[in-house]
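Enquirer: kindly return the folded structure for what I paste below:
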Amino acid sequence: MAMEIWKFSGEDAKDAARIWNEVVEDGVAYPQEDCLSEEQARDFFSSQTYTGIVRDTETGEAVGLYILHPNNVGRCGHIANCSYAVERSARGKRIGEILVGDSIEKAREAGFRIIQFNAVVATNYPALTLYRKMGFRQLGTIPGGFRMKDGSYEDIIIHYLCLRIEDIEALGQCYNQ
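Expert: Below you'll find the model as predicted:
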């Protein structure tokens, strides 16, 4: 499967809503409970610092996306946050790796110094494996921090990745553990 990634435009809203809503409906990774309409998707994805869409170049079908935006404001505005979504039928094909890699590049280009994930669900083993592979570090666990679709609670794990070499070097041993 050959993939191409590009910046979201309003024309991508229907595909983006479909992919995003699959993850929301699964109820095991995103905190959102309500699906996006096409109009809401257009507004939501356009409002991000960057939204990347990945398309299968053979079929032309959009199969994944990510959003990149500040994790906070003001004095913490240099820290980015990202969310990733891969269409169910395309999972397990390394599309997440393409999305994460591109988001790291775009975060650097946008001037962010760090990417932080606030709530990676502890049972999301594919994401945990991918983030470790991509160099993210686990910061801590919040017991029962995520309410699953079935009403049970799972731990969430905070992750971060330093984007600038001087920041990585400054962390020294802590980063390399």
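Enquirer: residue 12 belongs to a helix?
Expert: Yes - secondary structure assignment (DSSP: H, G, I helix; E, B strand; the rest coil) places residue 12 inside a helix.
Enquirer: would you map the strands across the protein?
Expert: If DSSP state E is used as the criterion, the strands of the chain fall at 3-7, 50-56, 62-70, 79-86, 114-121, 137-147, 153-162.
Enquirer: of those, which approaches residue 94 most closely?
Expert: Taking Cβ to Cβ as the criterion, residue 94 comes closest to strand 3-7 out of the strands of the chain, the separation being 8.7 Å. Bear in mind the C-beta positions are built from the backbone N, C-alpha and C, glycine included.
Enquirer: tell me what the closest one is packed against?
Expert: Using 3 or more Cβ pairs under 8 Å, 6 or more residues apart in numbering; DSSP states H and E, the elements in contact with strand 3-7 are strand 50-56, helix 95-109.
Enquirer: pretty sure residue 158 sits against residue 145.
Expert: No - using Cβ atoms under 8 Å, residue 158 is not in contact with residue 145; the gap is 9.2 Å.
Enquirer: shared neighbours, those two?
Expert: Between them, residue 158 and residue 145 share these contacting residues under Cβ atoms under 8 Å, 6 or more residues apart in numbering: residue 119.
Enquirer: which one of the helices and strands packed on strand 3-7 is the most hemmed in?
Expert: Neighbour counts averaged per stretch over these are highest for strand 50-56, at a mean of 21; criterion: mean count of other Cβ atoms under 10 Å.
Enquirer: with just CA atoms, put that strand into CSV.
Expert: What follows is strand 50-56, C-alpha atoms only, in CSV (Å, rounded to 0.1, in the frame of the first residue of the first chain):
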residue,chain,number,x,y,z
TYR,A,50,-2.1,21.3,11.2
THR,A,51,-4.3,18.5,10.2
GLY,A,52,-2.6,15.8,8.1
ILE,A,53,-4.6,13.3,5.9
VAL,A,54,-3.0,10.1,4.6
ARG,A,55,-4.4,8.6,1.4
ASP,A,56,-3.8,5.3,-0.2
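Enquirer: sheet-wise, list the partners of it with their directions.
Expert: Pairing partners of strand 50-56, with direction, according to DSSP bridges: strand 3-7 (antiparallel), strand 62-70 (antiparallel).
Enquirer: just for the protein, where's the confidence low?
Expert: Within the chain, the ranges that satisfy pLDDT under 70 run 166-177.
Enquirer: circling back: which stretch among the helices and strands packed on strand 3-7 comes nearest residue 116?
Expert: helix 95-109 (10.6 Å).
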